[in-house]
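Novice: This is the structure alone, sequence omitted:
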């Protein structure tokens with residue numbers, strides 16, 4: 001087998017893996033359209049009382065729904081009031 005055939009096979013494998021991971025990513029995240037749920041309905045409690053752990057327990061799809069439902073403050077109005085942390089997410093196999 002020539003080197004070009006090997007390169008094509010390996011490249012095709014990488015493309016197939018990339019496509020598969022993107023499909024899984026899209027299926028786990030769900031639609032980006034509003035679902036009509038409020039933050040309270042998604043969290044199961046008052047959003048003002050929700051903690052980082054409450055949000056981190058949500059599934060990836062529920063986190064996306066919360067992101068869509070949330071009213072975000074203007075960045076200049078935050079004045080150091082909130083601590084930033086990263087939530088788990090991404091493709092979960």
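Specialist: In hand now; what should we look at? This is a predicted model, so every value here is computed, not measured.

Novice: for this structure, which helix is longest?
Specialist: Counting by DSSP state H, the longest helix found in the chain is helix 3-29.

Novice: tell me which strands and helices that helix is in contact with?
Specialist: helix 60-69 (3 or more C-beta pairs under 8 Å, 6 or more residues apart in numbering; DSSP states H and E). C-beta here means a position set from N, CA and C on the backbone, and glycine is covered the same way.

Novice: Which strands and helices lie in contact with the helix it packs on?
Specialist: Short answer (3+ C-beta pairs under 8 Å, 6+ apart): helix 60-69 packs on helix 3-29, helix 39-43.

Novice: Mean confidence (pLDDT) on the next helix or strand after the shortest one, please.
Specialist: Scanning forward in sequence from helix 39-43 by DSSP states H and E, the next helix or strand is helix 52-56. Throughout helix 52-56, pLDDT has a mean value of 93.

Novice: Could you do stretch 18-25 as well?
Specialist: For stretch 18-25, the mean pLDDT works out to 89.

Novice: Show me the shaky parts of this protein.
Specialist: 34, 90-93 (pLDDT under 70).

Novice: one step back: could the helices and strands packed on helix 60-69 be laid out in a markdown table, adding distance to residue 82 and mean neighbour count?
Specialist: As requested, these are exported to a markdown table (distance: least, C-beta to C-beta, whole Å; neighbours: other C-beta atoms under 10 Å):
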| stretch | distance to residue 82 | mean neighbour count |
| --- | --- | --- |
| helix 3-29 | 24 | 11 |
| helix 39-43 | 15 | 17 |
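
Novice: I'd like these written out as a markdown table, with distance to residue 57 added.
Specialist: Putting the helices and strands packed on helix 60-69 into a markdown table (distance: least, C-beta to C-beta, whole Å) gives the following:
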| stretch | distance to residue 57 |
| --- | --- |
| helix 3-29 | 16 |
| helix 39-43 | 9 |
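
Novice: Quick one: closest of these to residue 61.
Specialist: Among these, the nearest to residue 61 by C-beta to C-beta is helix 3-29 (6.4 Å).

Novice: roughly how far is the longest helix of the chain from the heart of the chain?
Specialist: Distance of helix 3-29 from the chain centroid (C-alpha atoms, centre = their mean, to the nearest Å) equals 21 Å.
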